[in-house]
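K.L.:
Just the structure for this:
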Amino acid sequence: MPEPTFHLTQDQKDQFHRDGYLSIAHLTTEEDVAKLRASYDRIFSQRAGREEGNQFDLAGTDEEGKEAALPQILSPAKYAPEMNDSLLLANANQLVRDLFGPEATCGFAHAIYKPARTGAETPWHQDAAYWDEYKDYPNTVSIWVPLQEATLENGCMQFVPGSHKTETVLEHRSIGGDPRVHGLELHPDLMDHVKEAVACPLPPGGCTVHGGHALHYTAPNRSDIPRRALILMGGLPPVERQTPRECPWQKAKQTARLERKTKATASQSA
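P.N.:
Below you'll find the model as predicted:
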């Protein structure tokens, strides 16, 4: 892995803790982005990880033969290991060390692809709504990196400043109330939590950083080019809970992705 070329300033650290998110214009170089984009496009064209349940439609019912509204690949570096040699990963590791200390680490968590003109929105949600009910993640962040310009038209990140201060997981549901859909959305009755949202357009190789309780959203892709985004997660290990959080929306899911994952797991253990 290359040596990092990035450090957070004290002002950036202060802003992150105050607002719950941070927008950074440049986390890596154009050359690095070009290499990552080639790997990204290859694994999406291959639908890498589909049989394992790691490739699926985040915003649709994920049926075979149906165009995906929001394709996603979990653990993209598993299918494109060259990503682990990127300057992006080196700088992301430095970023989480700057926030949480020298023991913090970072890795590629998932990749989300919004097709041109048809890519669906990612509704308002907290990442913590997806996380293990038996653990807390007080020192974990998601680092969202566009591989082309991210704009309001194609679905840049948007945040509610200060929403992380609730320190609770709000009620969520599967998108549209359909348990066949993997993606989650803030429950419609709680949309009053979404106010004074701030959009964060970025050049390729920039990033946003946010913790698990920060409310965020990306709009549909109405542009003529796909919107590619890599998401890294990093920080310090989670903390075990004595009692689980109440997350009934997780138990209600009945997705094709989960069915494929269960079959793959059973096959590997047979």
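K.L.:
who are the neighbours in contact with P220?
P.N.:
Going by CB atoms under 8 Å, 6 or more residues apart in numbering, P220 touches K114, G119, A120, E121, G155. For every residue, glycine as well, the C-beta is placed using N, CA and C.
K.L.:
now with 6 Å?
P.N.:
G119, A120, E121 (CB atoms under 6 Å, 6 or more residues apart in numbering).
K.L.:
Quick one: buried ones out of the residues you listed?
P.N.:
G119, A120, E121 (16 or more other CB atoms under 10 Å).
K.L.:
Contacts for the helix or strand bottoming out on mean pLDDT in the chain next, please.
P.N.:
Every helix and strand in the chain was compared by mean pLDDT, DSSP states H and E; the lowest is helix 256-269, with a mean of 88. By CB under 6 Å, 6+ apart, the residues outside helix 256-269 that reach it are E52, G53, F56, D62, H182.
K.L.:
cool, stretch 233-246 as well?
P.N.:
For stretch 233-246, contacts defined as CB under 6 Å, 6+ apart pick out 96, 100, 104-106, 109, 133-137, 139-142, 169.
K.L.:
what sits against the residue nearest in space to the middle of the chain?
P.N.:
In the chain, the centroid-proximal residue (CA atoms, centre = their mean) is I231; its distance is 4.7 Å. I231 makes contacts with A109, H110, S142, W144, as judged by CB under 6 Å, 6+ apart.
K.L.:
what's the burial count for the nearest residue to Q72 once chain neighbours are set aside?
P.N.:
Leaving out its chain neighbours, the residue that sits closest to Q72 by CB to CB, 6 or more residues apart in numbering is L58, at 4.5 Å. L58 has 22 neighbours, counted by other CB atoms under 10 Å.
K.L.:
So L58 versus E246, what's the distance?
P.N.:
Separation of L58 from E246 (CB to CB, to the nearest Å) stands at 23 Å.
K.L.:
Low-confidence regions, the stretch 151-270 of the chain specifically.
P.N.:
270 (pLDDT under 70).
K.L.:
where along it do the strands fall?
P.N.:
With strands called from DSSP state E, counting those that start in this stretch, the stretch 151-270 of the chain shows them at 157-159, 172-174, 184-186, 198-200, 207-211, 216-218, 227-235, 239-240.
K.L.:
Mean neighbour count, the ones you listed: which tops it?
P.N.:
Looking across the strands of the stretch 151-270 of the chain with neighbours counted as mean count of other CB atoms under 10 Å, the highest average goes to strand 207-211: a mean of 26.
K.L.:
if we can go back for a sec, ok, of the buried ones among the contacts of P220, which one's closest to Q12?
P.N.:
Taking CB to CB as the measure, Q12 sits nearest to E121 out of these, at 28.0 Å.
K.L.:
now that closest one, nearest residue through space, not along the chain?
P.N.:
Nearest non-adjacent residue to E121 (CB to CB, 6+ apart): P220, at 4.7 Å.
K.L.:
Tell me the spacing between F56 and P71.
P.N.:
From F56 to P71 the distance is 8 Å (CB to CB).
K.L.:
Of those two, give the one with the bigger neighbour count.
P.N.:
F56 (26 against 23).
K.L.:
List the neighbouring strands of the one helix or strand the more buried one maps to plus their orientation.
P.N.:
Under the criterion of DSSP states H and E, F56 resides in strand 55-57. When sheet partners are counted by DSSP bridges, strand 55-57 sits next to strand 71-74 (antiparallel).
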